[in-house]
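S.K.: coordinates only, sequence not included:
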DNA sequence: GTAAGAAAATGACCATGGTCAATATTGGAG
DNA sequence: CTCCAATATTGACCATGGTCATTTTCTTAC
């Protein structure tokens, strides 16, 4: 039998990804067009879809990469001493997923996968987010009546809520941090806020 | 000047909505096609788009209606005596927004509006959800160190999280209630769970 | 080096949401 | 009753993501 994967394949895929990155850098995620990517990469349209299941799969990968970098950053931080430390650490993450409405919608859409085999990069980052945060806050001055994993999942919920509200016109234009802090105070330090 | 809105307009719009409802009832939300709706309603395609900004606008309206009915139900309930009462009351809501992955994604996508004038039916239900829940739980046996509005927003966050996890293969197939209860316990009764 | 078969690339084609200039209908003013 | 302007409807057309039978390229066996 022949080699499972040809060098050519990797080269073409790299061309597609590079082209997409350049275009996104130029016009943003929502304005990226498959036709534009294949033109820039110098391949036919069908080639795109033999490398990626659909347009979303490419975006999933590119956005997942970015989120992973942000989680890498959080992992290097010392144990947080306050809710404010946590919020500050999460701001870059929140800024990225809210850089375009389109990106936030896509992130939510890919946050889970129906089948184990189909778990994509963004879904991975959701899993990883919980792990990273749980591990990061577990020695901090926060409530101890709940597993760090549960606290971390809750933090994620509130982050998503804060970003969602940020897109909503009804709510005054408050900075992102202000939308998150009061909830995390109540969530992580219920005794103090009593 | 002539009448601002002609009877004909209302009739056509009703035909479109009825047709859409029938089709959705038949094949579900995600499989509904605009072409099918206009064929069933007996109008031209362009007519659809002079009544609704886009396909999403019609779905927004139909789904918003359903959610409103569910909130009506919750409004009639007596003050909850426990987290379990709350979770039970929320199950129909969770079941509906998770009836199709497509529906859940659409609900999240419409949960906020960029401009005040553009707030649609689903975004309204998000606002209303917080009001209804805040009012409903405010006399219940729950923590009193936070405004009911904040508690209600938190409940909503956890509901969304529970439904999202329900779509995710990584997490065992646990009933929806089981995904929500532990979080609401920690959120609404922090002292008890210490 | 060459032939055979596997893998990759191609591009014409399709599905479907959405647009818009042209046409038809309506309701009121005279 | 008739005409006019406002309003509603029409359907050919476009944009864009996605498919698939065909063709090209690569790798290995000999």
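M.R.: Cool, the structure landed. As the structure is a prediction and not an experimental result, all values here were calculated from the model. Numbering: from 1, shown residues only, chains lettered A, B, ... in the order given.
S.K.: who touches the residue nearest the centre of chain A in this structure?
M.R.: The centroid of chain A falls nearest to residue A:67 when counting by Cα atoms, centre = their mean (4.2 Å). Contacts for residue A:67 (Cβ atoms under 8 Å, 6 or more residues apart in numbering or on different chains) come out as A:93, A:96, A:97, A:107, A:121, A:122, A:125. Backbone N, C-alpha and C define where each C-beta goes, glycine included.
S.K.: burial count for the first one?
M.R.: Other residues near residue A:93 number 20, with proximity taken as other Cβ atoms under 10 Å in any protein chain shown.
S.K.: and if you look at the second one?
M.R.: By the criterion of other Cβ under 10 Å, residue A:96 has 18 neighbours.
S.K.: Also the last one?
M.R.: A total of 24 residues lie near residue A:125 under the criterion other Cβ under 10 Å.
S.K.: Enumerate the positions of the helix or strand where it lies that are buried.
M.R.: Assigned by DSSP states H and E, residue A:125 belongs to helix A:121-137. With burial defined by 16 or more other Cβ atoms under 10 Å in any protein chain shown, the residues of helix A:121-137 counted as buried are A:121-126, A:128-130, A:132-134, A:136-137.
S.K.: swap in stretch A:147-154?
M.R.: Those would be A:148, A:150, A:151, A:152, A:153, A:154, for stretch A:147-154 by 16+ other Cβ under 10 Å.
S.K.: Quickly find the element holding the residue of chain A found nearest DNA strand C.
M.R.: Across chain A, the shortest distance to DNA strand C (Cβ to the nearest atom of the strand) belongs to residue A:46, at 1.5 Å. Using DSSP H and E, residue A:46 sits in helix A:45-51.
S.K.: same deal with residue A:92?
M.R.: Here residue A:92 is assigned to helix A:83-97, by DSSP H and E.
S.K.: And chain B, is that helix touching that?
M.R.: No - in terms of Cβ under 8 Å from any Cβ of the partner chain, no part of helix A:83-97 sits within range of chain B; the closest distance is 12.8 Å.
S.K.: Please work out which residues outside that helix touch it.
M.R.: Contacts for helix A:83-97 (Cβ under 8 Å, 6+ apart): A:66-67, A:70-71, A:73-74, A:77, A:80, A:103-104, A:107, A:129, A:136-137, A:140, A:155, A:159, A:162-163, A:166, A:176-177, A:180-181, A:184-185, A:188-189.
S.K.: redo that, cut-off 7 Å
M.R.: For helix A:83-97, the surrounding residues in contact (Cβ atoms under 7 Å, 6 or more residues apart in numbering or on different chains) are A:66-67, A:70, A:73-74, A:77, A:80, A:103-104, A:107, A:137, A:159, A:162-163, A:176-177, A:180-181, A:184-185, A:188-189.
S.K.: Name the next helix or strand downstream of that helix, please.
M.R.: Taking DSSP H and E, what comes next after helix A:83-97 is helix A:101-109.
S.K.: Can you tell me which of the contacts of helix A:83-97 end up in helices?
M.R.: Judged by DSSP state H, helices contain the following of the contacts of helix A:83-97: A:66-67, A:70, A:73-74, A:103-104, A:107, A:137, A:159, A:162-163, A:176-177, A:180-181, A:184-185, A:188.
S.K.: Run through those and flag the ones next to DNA strand C.
M.R.: Among the ones in helices among the contacts of helix A:83-97, no residue is within reach of DNA strand C (Cβ under 7 Å from any atom of the strand).
S.K.: And those, which of them are buried?
M.R.: Of those, these count as buried by 16+ other Cβ under 10 Å: A:66-67, A:70, A:74, A:103-104, A:107, A:137, A:159, A:162-163, A:176, A:180-181, A:184-185, A:188.
S.K.: quick revisit: in the helix holding residue A:46, what's buried?
M.R.: Neighbour-count burial for helix A:45-51 flags A:47, A:48, A:51 (criterion: 16+ other Cβ under 10 Å).
S.K.: residue contacts, the nearest residue to residue A:98 once chain neighbours are set aside?
M.R.: Nearest in space to residue A:98, with sequence neighbours left out and distances taken as Cβ to Cβ, 6 or more residues apart in numbering or on different chains, is residue A:163 at 4.8 Å. With contacts defined as Cβ under 7 Å, 6+ apart, the neighbours of residue A:163 are A:94, A:97, A:98, A:104.
S.K.: now residue A:163: how far from residue B:183?
M.R.: 19 Å (Cβ to Cβ, to the nearest Å).
S.K.: was I right about residue A:129 contacting residue A:70?
M.R.: No - applying Cβ atoms under 7 Å as the test, residue A:129 and residue A:70 come out as separate, 9.5 Å apart.
S.K.: who touches stretch A:177-190?
M.R.: Here stretch A:177-190 has contacts from A:83-84, A:86-87, A:91, A:142-143, A:151, A:154-155, A:158-159, A:162, A:165-166, A:193, B:143, B:146, B:150, B:154, B:187, B:190, using Cβ under 7 Å, 6+ apart.
S.K.: Next to DNA strand C in this structure, residues from chain A, please.
M.R.: A:1-2, A:4-6, A:8-9, A:11-12, A:43-47, A:49-51.
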